[in-house]
Each structure stands twice: as structure tokens, then as C-alpha cells.
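When you get a sec, could you give me coordinates for this:
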Amino acid sequence: MPEHSLIELRGLTKVYVMGSEEVRALDGIDLDIDRAEYVTIMGPSGSGKSTLMNLIGCLDTPTDGDYRLEGELVSNLDDDELAAIRNRRIGFIFQTFNLLPRATSLENVELPLIYARVTPADRKERAAQALTKVDLANRLDHRPNELSGGQRQRVAIARALVTEPSILLADEPTGNLDTKTGNEIMALFQQLHADGQTIIVVTHDPAVATLGERTIRLIDGRITEDVRQTQAAAG
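Numbers count the residues shown, from 1 in each chain. Now for the predicted structure:
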């Protein structure tokens, strides 16, 4: 049997019912993403990119179609099973960082390991390693209000990495950062990708999108473009 892609979407559809109206947020998406790919997803507001991210991230389930993650059919799992997959296989990075304000960097990064029932000693060691990986070894005991925006996003990236996830899933990761700091965060993503991490970034920023090796464009819940950057450069 051929090896599965990391992500396989077939006929993925998401319909929201708004009163008497049905909104097709996704309309039959077919998509494969391989291990160690760096993919950016673009599209105007209402294109379905956030819905697609929520489905890939197992935060929601499709109305129709199949989603396989590492060969496992996850589109039909219940909430508890989806939560286990999120905690084990998917690292989330959000525009607003989503850090606990009273917790230190180390404690924020430890959080997913608490849910995974990792022992306290292992948690601290792995969290410290993750923070070192994002160049914050000297900020372990700092709370979010003692950090710059870029440092807060690095803490969030370390938290996403600490479970060694199959996918790093980032939603507008530079949206709350100035251009210089945003560029530093995207350079970190490129380093993580060079180390073999699979990365999916949802963005409206063309400059951010070009940093991936493949860009998928959505309009009205459908893929209108799927371009590898080498192809774009050659064209």
C-alpha cells in the first residue's frame, strides 16, 4: 500500500445554517499535504480559510467529506477523540498569543503537557527545551506582561512545539506584530521547517504567504489556486 500523505481531504464540505439560510463555508475541498511541507493558505474574508483551518486542526467537524490525518479517518470522531488528537498531534499558534497572563513562560509552555499527563520533572525539562529552541532560554520565569509582542509569540510557538506535533498550525501569526518583529517570527518558522516541521499558516498577507513553499488560495469555499513557490518563481 502507498504511504498516506500527512493530511488527506476529500470532498470536504462545511455548511452553516443561519436562520432559514444555508452558508457553504467550504464547498468540496480536495487537498493533500505531505510531511515536512510548509503551506500557506490565503483568501479574502469569507473565503473559508478559517473554516478550513478549524477542520484541519480538529476544532470542528465537516458536514460532508473525509479528513484523514496520518492515515486515520478523523472527520467522524467525537469531541473527546478530537481533543486527544489536538493535544497530541497539532500545535496551534494564534494572532492573539492566548497566553495565561499570570503564568511564567515556562508554565505557559508546560500547559499542553499537563493535559497529556506528563510528569512535572519531564514537563519542566521539555518546556525549557522548547523555549530554548525559540531563543527564549533567558526568559523562562518572565510573565507575558514582561515580554515584548515578538517574545510572547515565541512563547506561543514554544507551547505549540512542546508536544512534538505532526502539524504546526498558525492563524495570522504576525497579525499583532510590527513588520520587523513579524519578519523575525517568519524566519523562525522557516528554521523550524528546515528542521523538518510541517507548517500550515493561514494569512491575508501576501508577503507572509510567499515565505512558504506552497500557497493555496480559497475563494467562496473552493480552492482556486495551488502553487509551489518554485513554480511561481519560474513563471
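
confidence score at the residue most central in space within the chain?
Here the mean C-alpha position of the chain is nearest to the C-alpha of residue 169 (C-alpha atoms, centre = their mean), at a distance of 0.6 Å. Residue 169 is assigned a predicted lDDT (pLDDT) of 96.

Who is it paired with across the strands?
residue 92, residue 200 (DSSP bridges).

list the contacts for it?
Applying C-beta atoms under 8 Å, 6 or more residues apart in numbering to residue 169 gives the contacts 53, 56-57, 90-93, 160, 200, 202. C-beta: built from backbone N, CA, C; applies to glycine.

May I see the buried residues of the lengthiest helix in the chain?
Looking across the chain with DSSP state H, the single longest helix is helix 179-194. Buried positions in helix 179-194, judged by neighbour count with 16 or more other C-beta atoms under 10 Å: 181-186, 188-189, 192-193.

just stretch 211-219 next, same as before
For stretch 211-219, by 16+ other C-beta under 10 Å, it's 211-218.

now, which of these sits nearest residue 16?
Among those, residue 218 lies closest to residue 16 (C-beta to C-beta), at 15.8 Å.

Tell me the pLDDT of the closest residue to that closest one other than its chain neighbours.
Leaving aside its sequence neighbours, residue 218 sits nearest to residue 43 (C-beta to C-beta, 6 or more residues apart in numbering; 3.7 Å). pLDDT, residue 43: 92.

Just give me the neighbour total for residue 43.
Here the number of neighbours of residue 43 (other C-beta atoms under 10 Å) works out to 23.

correct me, but it touches residue 221?
No. Using C-beta atoms under 8 Å, residue 43 is not in contact with residue 221, being 9.3 Å away.

sorry, back to before: just the closest of the contacts of residue 169 to residue 22, please.
residue 53 (21.2 Å).

Ramachandran coordinates for that closest one?
Main-chain dihedrals, residue 53, degrees, to the nearest 10: phi -60, psi -40.

cool, and residue 219?
Torsion angles at residue 219 (phi, psi; degrees, to the nearest 10) stand at phi -140, psi 130.

Contacts only, for it.
Neighbouring residues of residue 219 by C-beta under 8 Å, 6+ apart: 43-44, 47.

let's go with 7 Å and repeat that
By C-beta atoms under 7 Å, 6 or more residues apart in numbering, the contact list for residue 219 reads 43, 47.

Please tell me how far it sits from residue 27.
Look at residue 219 and residue 27: by C-beta to C-beta, to the nearest Å, they are 10 Å apart.

Just read off the phi/psi values of residue 72.
phi -90, psi 130.

hmm, I was thinking of residue 177
Per-residue torsions, residue 177: phi -120, psi 150 (degrees, to the nearest 10).

That one and residue 150 touch, don't they?
Yes. Between residue 177 and residue 150 there is a contact at 6.1 Å, judged by C-beta atoms under 7 Å.
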